[in-house]
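[1] Got a sequence here, can you model it:
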Amino acid sequence: MPAEEYASVRAMTENRKIENVEMGILKSGSEVTWINVTAAPIPLKDYGVIITYGDITERKKPKDFLN
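    So this is what the prediction gives:
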């Protein structure tokens with residue numbers, strides 16, 4: 001994902017809350033952790049953004065419909 005698509009960057013450049021951005025984080029080897037990110041600008045000069053995230057890895061795993 002290009003940096004300009006990160007929730008935190010979008011929140012700053014668009015000056016609004018950005019919700020439910022799904023990102024994969026590559027860990028050691030080939031393991032991926034999936035997170036759902038929300039970011040909102042802080043309404044104080046020079047303070048940046050608030051970022052929250054939740055692990056959605058289990059939800060993103062393929063389901064075994066045969067068992």
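
[2] Okay, strands next: where are they in this structure?
    18-26, 32-41, 49-55 (DSSP state E).

[3] ranking these by burial, who's on top?
    Most buried of these, by mean neighbour count (mean count of other Cβ atoms under 10 Å): strand 32-41, with a mean of 17. (C-beta placed from N, C-alpha, C; glycine too.)

[4] Residue ranges in the protein under the pLDDT threshold?
    Applying pLDDT under 70 to the chain picks out residues 64-67.

[5] and with 80 instead?
    1, 29, 62-67 (pLDDT under 80).

[6] Let me see the contact set for the residue nearest to the spatial centre of it.
    Centroid-nearest residue in the chain: residue 37, 3.0 Å away (criterion: Cα atoms, centre = their mean). Residues near residue 37 by Cβ atoms under 8 Å, 6 or more residues apart in numbering: 6-8, 18, 20-23, 51-53.

[7] one more time with 6 Å
    Each residue near residue 37 by Cβ atoms under 6 Å, 6 or more residues apart in numbering is listed here: 7, 21, 23, 53.

[8] pretty sure the last one contacts residue 34?
    In other words, residue 53. No. Judged on Cβ atoms under 6 Å, residue 53 makes no contact with residue 34 at a distance of 10.1 Å.

[9] helices or strands up against the longest helix seen in the chain?
    Ranked by residue count, the top helix of the chain under DSSP state H comes out as helix 7-14. Helices and strands touching helix 7-14, as assessed by 3 or more Cβ pairs under 6 Å, 6 or more residues apart in numbering; DSSP states H and E, comprise strand 18-26, strand 32-41, strand 49-55.
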